[in-house]
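Novice: The sequence isn't on hand, but the structure is:
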């Protein structure tokens, strides 16, 4: 083994294959660009080079750690031989790659050191640009104790925002991303340091934001905010999806309530902006995202990858436990209070004489509980708990991603059986709420805070376990999106596809259902006709002032979408249109506060 600050090579020696035939074992090298001793906040690309694999495909895993601390996952096994890494604290780090021969399972490792230096070298803070023209990096000198945050305000505006507090570390500078700024605008930035002895302020610095890419969509204000609008939820995060089917791109954009862009994330890998789907924002300023065709990623407001896993890695972990092929991540990933991540992926199974005569490929879902290093610690397979004989309500088929489905492995076409599109964790009893679009059901399952049996506790929807009290002749939600349950009421976006199959004039609805779990009975408290029909996409959210936010994500002619705020009685208070298909939209206090 040879070692430098930049690269270490690890080789397993020689392998003997057959009678007298020797082949070099798998070996891997690891190199950074730019070289070590760059300032914090610099994006470092680590490139691995594998040899001795006889043209077999090689998967690569990347881990990083400050010197003397355990390695943490950056990117789990995947075919790409590079990883981008951005240190935000000065010091020496170790970076590790593990290469694995896909065919033989043979592995090799390389470890390299890297030094990152501080930007604020004196007693004055420094503000720097990032790869995102709307995001700045604020670097404060070391503070011995207390907490620090950055306030920022556009020139001439009386309103300001702030980053979350970050704890001081003696002898170490603090580096914070400032996000939520409009393009081509001058901002003042000033840090606040709070200690047990009082509050002090840093100098006022200025930062001029850059311009937007040409393909960032601009919002159109259809109903301006009024005195009833929830101004506290002043940021709208638009998670775009499936625009690739009409020649567009799908990277996320955030606007203020007037429709002005304040943030976007355009991944640097050329093919990925056409497919990315942000599933949820995470408190503190990160986001969970699925990307083609088999990646789950967490990234920060500057676009840096925090951690990433792949379906390749998940399949390997569950190889001996799940016989059904795991296809790709889709629709949902959420962060739990304990730091775990729940994600949905597709699974397939050939069944015979059940949904159709003879054998047929059926597409279901698996819910994955990933720990903080994104290793699977619990899973729930729909084939193990649901009646596979109950077909999709509208007999949907899946022929691949362009149809809003996933990759298939067992046949060219599958019955799109469940189409799970959301998960909610219910802290009251540690269970999970799943929305199964193609079953017209919201189901509650026994998760037991990661130790549950997975059994279905109840099914809500037509032909489920609940009766409903309403004077509407067709009260149940169908092909719904984004239900959320607070133990008393269920809020849901009712796309209404099943109603629409009978009545072409049917519109989508925003619904609130008061739930009595003990009696298995619901009362429809809000059944709001939204005045249009969204065949797919959509979200529902209760705002901080008690109003409701609904997204109609796929409207004709278009594509276009509408984010709508209504009062508890259904009166509209605010509507913003966007000329793009939108999977979900989120009203947020800031980009750091979902």
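Specialist: Everything's here; your move. Predicted model, so just to flag it, every value in this text is computed and none were measured.
Novice: list the contacts for the residue nearest to residue 241 when sequence neighbours are not counted?
Specialist: Among residues not flanking residue 241 along the chain, residue 583 sits closest, at 3.6 Å (Cβ to Cβ, 6 or more residues apart in numbering). Every C-beta, even on glycine, is put in place using the N, C-alpha and C of the backbone. Contacts for residue 583 (Cβ atoms under 8 Å, 6 or more residues apart in numbering) come out as 239, 240, 241, 242, 277, 537, 539, 553.
Novice: And for the residue lying closest to residue 85 once chain neighbours are set aside, the neighbour number?
Specialist: Nearest non-adjacent residue to residue 85, counting by Cβ to Cβ, 6+ apart: residue 44, 5.0 Å away. By the criterion of other Cβ atoms under 10 Å, residue 44 has 20 neighbours.
Novice: just use 19 as the starting number from now, easier for me
Specialist: Taking 19 as the first residue, the last one we looked at is residue 62.
Novice: what sits against residue 62?
Specialist: Here residue 62 is in contact with 50, 51, 52, 56, 102, 103, 104, 105, 132 (Cβ under 8 Å, 6+ apart).
Novice: could you say which helix or strand contains the fifth one?
Specialist: Think residue 102. strand 100-103 (DSSP states H and E).
Novice: Paired strands for that strand, with orientation please.
Specialist: According to DSSP bridges, strand 100-103 has the following sheet partners: strand 62-69 (antiparallel).
Novice: Buried residues in the strand it pairs with, which are they?
Specialist: 62, 64, 65, 66, 67, 68, 69 (16 or more other Cβ atoms under 10 Å).
Novice: Strands of the stretch 119-268 of the chain, start to end?
Specialist: 125-135, 144-147, 153-158, 165-172, 178-180, 184-185, 192-197, 204-213, 216-219, 223-226, 238-241, 253-258 (DSSP state E, counting those that start in this stretch).
Novice: In TSV: those, plus mean pLDDT.
Specialist: Output for these, formatted as TSV (pLDDT from 0 to 100):
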stretch	mean pLDDT
strand 125-135	97
strand 144-147	98
strand 153-158	98
strand 165-172	98
strand 178-180	96
strand 184-185	97
strand 192-197	98
strand 204-213	98
strand 216-219	96
strand 223-226	98
strand 238-241	96
strand 253-258	97
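Novice: Of all the ones you listed, which one comes closest to residue 118?
Specialist: Proximity to residue 118, assessed across those by Cβ to Cβ, is greatest for strand 125-135 (4.7 Å).
Novice: In its sheet, which strands sit next to the closest one, and in what direction?
Specialist: Sheet pairing for strand 125-135, assigned by DSSP bridges, gives strand 56-57 (parallel), strand 109-119 (antiparallel).
Novice: And the most centrally placed residue in the chain, how close does it get to residue 211?
Specialist: Centrality entry for the chain: nearest residue to the mean C-alpha point is residue 306, 2.1 Å, by Cα atoms, centre = their mean. Plainly put, residue 306 is 31 Å away from residue 211 if you go by Cβ to Cβ, to the nearest Å.
Novice: again, but for residue 295
Specialist: In this view, residue 295 and residue 211 are 38 Å apart by Cβ to Cβ.
Novice: out of these two, which sits in the busier spot?
Specialist: residue 295 (23 against 19).
Novice: these two touch, right, the more buried one and residue 307?
Specialist: Yes: between residue 295 and residue 307 a contact is recorded at 6.5 Å, counting by Cβ atoms under 8 Å.
Novice: what's the pLDDT at residue 39?
Specialist: Confidence at residue 39, expressed as pLDDT, is 40.
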